[in-house]
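**Q** below: sequence and its predicted model.
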Protein chains: 2
Amino acid sequence: MTDHIRFLDGRLVLLDQRVLPHQHEHVVCTTPREVADAIRDMVVRGAPAIGITAAYGMALAAQGGLDLEQAAAVLRQARPTAVNLAWAVDAMLALPRAQILAAARQLHSDDIAINQALGDHGARLLPEGARVYTHCNAGALATGGYGTALGVVRSAWREGRLSRVYAGETRPYLQGARLTAWECEQDKIPCTLVTDSMAATVMAAGQVQAVVVGADRVARNGDVANKVGTLGLAVLARHFGVPFYVAVPCSTLDLACPSGAQIPIEERSADEVRGFGQSRWAAGVDVFNPAFDVTPAALVTAWITERGLWTPAPAEAGGAPAA
Amino acid sequence: MTDHIRFLDGRLVLLDQRVLPHQHEHVVCTTPREVADAIRDMVVRGAPAIGITAAYGMALAAQGGLDLEQAAAVLRQARPTAVNLAWAVDAMLALPRAQILAAARQLHSDDIAINQALGDHGARLLPEGARVYTHCNAGALATGGYGTALGVVRSAWREGRLSRVYAGETRPYLQGARLTAWECEQDKIPCTLVTDSMAATVMAAGQVQAVVVGADRVARNGDVANKVGTLGLAVLARHFGVPFYVAVPCSTLDLACPSGAQIPIEERSADEVRGFGQSRWAAGVDVFNPAFDVTPAALVTAWITERGLWTPAPAEAGGAPAA
């Protein structure tokens, strides 16, 4: 699936992921600011997907004759945690104006090929007939069109190694329930939806042989920033003896970032936790709503990239050997 | 708060917990079958509260001249996991018909006194200024009117030992978001609502000094059946070095049950996970929806009862020393 991010007739057309799976609507952007708004409002989300989207945002700036430095600044601050956003914007900014659109298209198609490669590497780590737990949506919708964690799932399914995916619903934004379940349905991959609070039961019962997640940023020492809930899954996986894999393109490795402690964690609005969509089930109560958490490298079994398994730098003070 | 279960003018009037906190509606029961339906449909929930409700259901049978054995059978099978339900029904069944209503009222008022006693015991385990994480609603609404886990919180708050409660929202039924947050607001206890997936972040950051939960049934060896999500919290608490307390009246201890493996775990409908209330965010995807999970005794720091700390029986094959 690659039509969720399209650059058509000089406009960027984004599938509105906020209203999936019930509605298929699109948001059209013609300026970098509109693209930044779409990223902030989560029309599109997922670290690689927002990188690609931001690159097209730079292409809009280039074709419109706008100040490229200014466009880059607007796009970079749309969301703070994913490293791919700044990485893609900076890559476009380094190019002559006339080459940016072609480079954005190349980034998009490269991402698909990269995800297929990492998916194939990851699939080989799974046992025959594996059942896999995943969190949030690290799928086609979160990337150029194949997926990181769901790329591993797709490759394993194609090779006949996978029997089922367990999708954690991923409160508060329900990317698992709305997006991962929908992607699995599109590809006819058997999927069981659970609430995030059921992961421990699933693991305790031996129902999954691996946990596979994506990431928004991986620090040089292997610490992983990903959708909130990932840290809890990693602790559970360690407790129950289930391998815990992080599937990322190399563009998500932030070698300039020493450890998870340096990764900025976005806090989002209280209303996301007080309800969902138009439903409100809690009123004025205080809310803590970190969008991401940091999983220490020591809890990660392996980091899967398009080049095979990645080995983090030795920790500077105690820490995380690579698997 | 003791007016959520009232026996008035020969009828049982239940506050409808399904529509809290937005609406304050009541369901009126005049037969044991209506009471069983109200328990099954979660008009009232929480192990001690459904025990009290079922006792009043027996009082309805008694005053209506119905077959008491038959009424007991209908009530017992309303929900399978909580031991208090069968315990209360059997206690009423052992009495002469004319004494059942008074005994049910006594059970109700005893429950409040018992919860106050266990709350006071539990509060002494908390450090000064404690912040406590709790799950689901083990509060006034789940009991006769004071609470088990929230009983500990209430006693600690009254004694000035508590600074804040973190309430996990408790998908799929959102008892934390709807009921615990609301109870804290009524009592002016500072409360922060989080999604269940944020518990690891809260603990990793040292934001809480204890996890306190209730239980639906505790086996002789100390294994704890409680709202799904409890097991994950216990694993996280162990990992992050946070004490994990289970607050229960002695009526929730099932000494006839050797271990958690013998506790029946209710599975509820897929629609609870596919959405909430009138909202649906996932369509036909398969769902696994266990309402409870079992936390092994080895992960429990202490079991708090109205008589002080309880010590489980030595495990029959490897296992769980009491704290």
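**A** Done, it's in. This structure is a prediction, so every number in the text was calculated from the model and none was measured.
**Q** what comes into contact with the helix or strand bottoming out on mean pLDDT in chain A?
**A** Within chain A, judged by mean pLDDT, DSSP states H and E, the helix or strand with the poorest mean is strand A:279-280; its value is a mean of 90. Under the contact criterion CB atoms under 8 Å, 6 or more residues apart in numbering or on different chains, strand A:279-280 has outside partners A:271, A:274, B:22, B:276-279. For the C-beta atoms, the positions are set from N, CA and C on the backbone; glycine is no exception.
**Q** what about the strands in the stretch 51-200 of chain A?
**A** The residue ranges that make up the strands of the stretch 51-200 of chain A, judged by DSSP state E, counting those that start in this stretch, are A:130-134, A:162-168, A:191-194.
**Q** what's the second one packed up against?
**A** The one in question is strand A:162-168. Counting contacts by 3 or more CB pairs under 8 Å, 6 or more residues apart in numbering or on different chains; DSSP states H and E, strand A:162-168 packs against strand A:130-134, helix A:149-158, helix A:181-186, strand A:191-194, helix A:199-204.
**Q** quick one on the thing from earlier: show the buried residues in the contacts of strand A:279-280.
**A** For the contacts of strand A:279-280, a burial check counting by 16 or more other CB atoms under 10 Å in any protein chain shown picks out A:274, B:276.
**Q** narrow the contacts of strand A:279-280 to those in strands?
**A** When DSSP state E is applied, those are split such that B:276, B:279 fall in strands.
**Q** which non-adjacent residue is nearest residue A:77?
**A** Of all residues not flanking residue A:77 in the chain, residue A:36 sits nearest, at 7.5 Å (CB to CB, 6 or more residues apart in numbering or on different chains).
**Q** what is the neighbour count of the one you found?
**A** Using other CB atoms under 10 Å in any protein chain shown, residue A:36 has 23 neighbouring residues.
**Q** whichever strand or helix holds it - what's its average pLDDT?
**A** When elements are assigned from DSSP states H and E, residue A:36 belongs to helix A:32-40. Per-region confidence: helix A:32-40 scores 98 on mean pLDDT.
**Q** and that helix, how far out from the chain's middle?
**A** Here helix A:32-40 is found 18 Å from its chain centre; the criterion is CA atoms, centre = their mean, to the nearest Å.
**Q** what's it in contact with?
**A** Contact partners of helix A:32-40, identified using CB under 8 Å, 6+ apart, comprise A:12, A:14, A:27, A:29, A:44-45, A:50, A:53-54, A:56-58, A:60-61, A:66, A:71, A:74-75, A:77-79, A:85.
**Q** which of those are buried?
**A** Neighbour-count burial (16+ other CB under 10 Å) is assigned, among these, to A:12, A:14, A:27, A:29, A:44-45, A:50, A:53-54, A:56-58, A:60-61, A:66, A:71, A:74-75, A:78-79, A:85.
**Q** longest helix of chain A?
**A** Residue-count comparison of every helix in chain A, with assignments taken from DSSP state H, identifies helix A:100-123 as the longest.
**Q** would you mind writing the CA trace of that helix as CSV?
**A** In CSV, the C-alpha atoms belonging to helix A:100-123 read as follows (Å, rounded to 0.1, in the frame of the first residue of the first chain):
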residue,chain,number,x,y,z
ILE,A,100,14.2,18.4,-4.2
LEU,A,101,11.0,16.9,-5.6
ALA,A,102,12.9,14.1,-7.3
ALA,A,103,14.9,13.4,-4.1
ALA,A,104,11.7,13.3,-2.1
ARG,A,105,10.2,10.7,-4.5
GLN,A,106,13.5,8.8,-4.3
LEU,A,107,13.3,8.9,-0.5
HIS,A,108,9.8,7.5,-0.7
SER,A,109,10.6,4.6,-3.0
ASP,A,110,13.9,3.9,-1.1
ASP,A,111,11.9,3.6,2.1
ILE,A,112,9.8,0.8,0.6
ALA,A,113,12.8,-1.1,-0.6
ILE,A,114,14.6,-0.6,2.8
ASN,A,115,11.6,-1.8,4.7
GLN,A,116,11.3,-4.9,2.5
ALA,A,117,15.0,-5.7,3.2
LEU,A,118,14.6,-5.3,6.9
GLY,A,119,11.4,-7.2,6.9
ASP,A,120,13.2,-10.1,5.2
HIS,A,121,16.0,-10.0,7.7
GLY,A,122,13.5,-9.9,10.6
ALA,A,123,11.4,-12.8,9.3
